[in-house]
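>>> model the structure of this input:
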Amino acid sequence: MKEYCSHHPTRLAHWRCPQCHQAFCPNCVINRKRNGIGFEGEEQHLCPRCMVAARWVGAANLIDPFWNRLPKFFLYPIHLQPLVLMIILSSIGFAVVGFPVIGQVVRLVLWGVLFKYSFSALKTTAQGDLVPPKISIQTISADFHQVFKQLGIYIAIYFIFSRVAVIFGYTPALLFLVSALLFVPAMIILLVTTDSLLQALNPMLFIRLAMRIGWGYLLMYFFLFLLALAPAVVGGYVFSTLPPSMYFFLLGIAKSYYTIISYHLMGYVIIQYHEAIGYEVNYETFRDPELEKENLKKEGARDPLLGQLNVLVTEGKLDEAIELIQQHTRDTGFQDLKLSQRYYNLLKVTKRSRELMAHSAIHLDILTRCDEKAKACQLYARCISIKSDFRPTPATLLKIGGWLTEKGKDNAAMGAYNRLIKTYPDSELLPVAYFRSAQILDGRLMKPDKARNILSHLVTKFPDHEIIPRAKSYLKKLEKNWLHARSEKNQKR
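Modelled structure (predicted):
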């Protein structure tokens, strides 16, 4: 049964506290770098309540059962590394088709390379890494004896089969062969987990391993059986109409493709049942790209402080959460929008009016820097309704005025610009506020006379500001319109 975060019931738990026994998702647990000799840079995961080292719940809790993941198994060999290997092996195999002796030797070597890479894929998968291993000398040549150990399993089965056939006849021998082939995946799994051919061939061990996995083992065997038949089916029906050159090339890729899938599937079964079979999967080696994408999508970047706050808020310890934020921001101030919003919400819920108004100016400034237009305008309106002398920064007031103008709230925009002009008479943004006010008065509120007066004041008071050429051009247009209107009025008289 899956274990979920104690504070986020829809998120899978990654960690469990040995002291309070609560489970946590990555966003709740506290991540810290360990210090001290021998631990430099090592990451430590702490319970946000007890501040003790949390324990990883294990890979089985984080992955889907293999029968729910089947489509992804077929995508595994299509990654760049295995795909390149499959094309290279198939190309070389096709190139030596016309050389009987040399071709046979080359194909044998290619077979060994394929099985070595497949075994590496099985082993890395079993260690929790669901990304195909890279093609390298280490991957292909290191521990090549593992290929011979796999071959030793089949040699041992054939040897016993032949002896049983000689002594007891072919019927008992065939019964043995069917039974032995049924446990071949269990033998390969044992070979991976123990690195011992003798243990892999021990009936007491491979039968017990299959029984611990249970019906899942039979289901895995069924899929492996289908994968073993797949190249023949594909070659006989899909590729049968192709030219011989294309046929042999694609058939070679198909054999490699289904072989890699089969070994990846066996490795995945080891992860899924690692606790039942007594195989340890470490957090450091576990890597599931799909799970990582999902966590990032749901939670964004992991923040230990937000994790602690989640726990405190869930447990109703709001005052402690507020105090924690205050301690964290005492020296650095608020830089993060999420943290500022969380603090604002906590102050609002706990009805700390004085602190809420003090933080509102800071939060409004952060909202405007992050271009949160709707939230910023809403907070600004709320603050000025509560406190008439509310003092946001000049840059914030200028942005708020612009956004209110976009929404068609001209009077409110004029109020923001007037607040800037009156509150910050020495601000370098003052000329821009004057100019925008004139634009609203002329274009929106139909008060060109007031706009002309503001522009005249702007040109006189700030003659060297960069906005003056635009202001003069605008003022010239208004004066021209004024003179034209006055002339028409005189003519009517």
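>>> quick one: the helices in the stretch 151-300 of the chain?
All helices of the stretch 151-300 of the chain, identified by DSSP state H, counting those that start in this stretch, fall at 170-182, 184-194, 197-200, 203-213, 215-233, 244-272, 274-277, 289-299.
>>> quick one: contacts of the first one?
If I follow you right, that is helix 170-182. By Cβ atoms under 8 Å, 6 or more residues apart in numbering, the surrounding residues in contact with helix 170-182 are Ile157, Ile160, Phe161, Ser162, Val164, Ala165, Tyr221. No exception for glycine: its C-beta is placed from N, CA and C like everyone else's.
>>> as JSON lines, the helices of the stretch 151-300 of the chain with distance to His465 would be great.
Listed next are the helices of the stretch 151-300 of the chain as JSON lines, based on distance: least, Cβ to Cβ, whole Å:
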{"stretch": "helix 170-182", "distance to His465": "87"}
{"stretch": "helix 184-194", "distance to His465": "75"}
{"stretch": "helix 197-200", "distance to His465": "83"}
{"stretch": "helix 203-213", "distance to His465": "78"}
{"stretch": "helix 215-233", "distance to His465": "75"}
{"stretch": "helix 244-272", "distance to His465": "67"}
{"stretch": "helix 274-277", "distance to His465": "70"}
{"stretch": "helix 289-299", "distance to His465": "46"}
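>>> among those helices, show the one with the smallest mean pLDDT.
For the helices of the stretch 151-300 of the chain, the bottom mean pLDDT is recorded on helix 289-299, which sits at a mean of 59.
>>> quick check: mean pLDDT of the helix or strand just after that one?
If you walk from helix 289-299 toward the C-terminus, the next helix or strand you reach (DSSP states H and E) is helix 304-314. Along helix 304-314, the predicted local confidence has a mean pLDDT of 76.
>>> report the distance from helix 304-314 to the chain centre.
Shown here is helix 304-314, whose average C-alpha point lies 21 Å from the average C-alpha point of the whole chain (Cα atoms, centre = their mean, to the nearest Å).
>>> my guess is Leu309 contacts Glu320. True?
No - shown here, Leu309 and Glu320 do not form a contact pair, counting by Cβ atoms under 8 Å, at 9.5 Å.
>>> those two: who's more crowded?
Set side by side, Leu309 and Glu320 show more neighbours around Leu309, with 26 against 15, by other Cβ atoms under 10 Å.
>>> not counting sequence-adjacent ones, nearest residue to the more buried one?
In space, and not counting its chain neighbours, Leu309 is closest to Ala321: 5.2 Å by Cβ to Cβ, 6 or more residues apart in numbering.
>>> okay, now the one you found: neighbour count?
Ala321 is surrounded by 22 other residues when neighbours are defined as other Cβ under 10 Å.
>>> quick one: contacts for Tyr279?
Taking Cβ under 8 Å, 6+ apart as the test, what Tyr279 contacts is Ala126, Thr193, Ile270.
>>> nope, Ile167 is what I was after
Applying Cβ under 8 Å, 6+ apart, no residues contact Ile167.
>>> check what pLDDT it gets.
Ile167 carries a pLDDT score of 91 in this model.
>>> that older thread, now the helices of the stretch 151-300 of the chain as TSV including mean neighbour count?
What follows is these, written out as TSV (neighbours: other Cβ atoms under 10 Å):
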stretch	mean neighbour count
helix 170-182	14
helix 184-194	22
helix 197-200	18
helix 203-213	16
helix 215-233	15
helix 244-272	21
helix 274-277	16
helix 289-299	13
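>>> so which of these is nearest Leu75?
Checking those against Leu75 by Cβ to Cβ gives helix 244-272 as the closest, at 9.5 Å.
>>> quick check: angle from the closest one to helix 184-194?
Helix 244-272 and helix 184-194 are oriented at 60 degrees to each other (axes from the mean of the first three to the mean of the last three Cα atoms, to 10 degrees).
>>> which secondary structure elements does helix 244-272 contact?
In terms of contact count using 3 or more Cβ pairs under 8 Å, 6 or more residues apart in numbering; DSSP states H and E, helix 244-272 is assigned the packing partners helix 70-75, helix 80-95, helix 100-126, helix 184-194, helix 215-233.
>>> got the domain ranges for the protein?
66-284, 393-493 (automatic domain parsing).
>>> how long is the first one end to end?
Pointing back at domain 66-284 there. 22 Å (Cα to Cα, to the nearest Å).
>>> name the element Leu420 belongs to?
Taking DSSP H and E as the criterion, Leu420 maps to helix 410-423.
>>> correct me if wrong: the residue nearest to Leu309 contacts Leu312.
Yes - here Ala321 lies in contact with Leu312, judged by Cβ under 8 Å, at a distance of 4.1 Å.
>>> look at the residue nearest to Gln19 when sequence neighbours are not counted and report its pLDDT.
Computed as Cβ to Cβ, 6+ apart, the closest residue to Gln19 that is not its neighbour in sequence is Cys50, at 4.5 Å. Reading off the per-residue confidence, Cys50 sits at a pLDDT of 82.
>>> cool, the one 4 residues further on as well?
Ala54 is assigned a predicted lDDT (pLDDT) of 90.
>>> cool, and Gly58?
The predicted local confidence for Gly58 is 85.
>>> related to what we said a few turns ago, in a markdown table: the contacts of helix 170-182, plus distance to Gln81.
Formatted as a markdown table, these follow (distance: Cβ to Cβ, whole Å):
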| residue | distance to Gln81 |
| --- | --- |
| Ile157 | 32 |
| Ile160 | 37 |
| Phe161 | 37 |
| Ser162 | 39 |
| Val164 | 42 |
| Ala165 | 43 |
| Tyr221 | 27 |
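>>> on that earlier part again, to Phe24, which of the helices of the stretch 151-300 of the chain lies closest?
Closest to Phe24 of these, according to Cβ to Cβ: helix 289-299, at 12.1 Å.
>>> now do the contacts for Phe144.
For Phe144, the contacting residues are Gly112, Lys116, taking Cβ under 8 Å, 6+ apart as the criterion.
>>> distance of it from Trp111?
Distance check for Phe144 against Trp111: by Cβ to Cβ, to the nearest Å, it reads 12 Å.
>>> can I get stretch 213-222 as CSV, trimmed to CA atoms?
Included here for stretch 213-222 are C-alpha records, laid out as CSV according to Å, rounded to 0.1, in the frame of the first residue of the first chain:
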residue,chain,number,x,y,z
ILE,A,213,7.3,-11.8,-5.7
GLY,A,214,4.2,-13.8,-6.1
TRP,A,215,1.7,-13.5,-8.9
GLY,A,216,3.7,-10.5,-10.2
TYR,A,217,6.4,-12.9,-11.1
LEU,A,218,4.1,-14.9,-13.4
LEU,A,219,2.8,-11.7,-15.0
MET,A,220,6.4,-10.6,-15.6
TYR,A,221,7.2,-14.0,-17.1
PHE,A,222,4.2,-13.7,-19.4
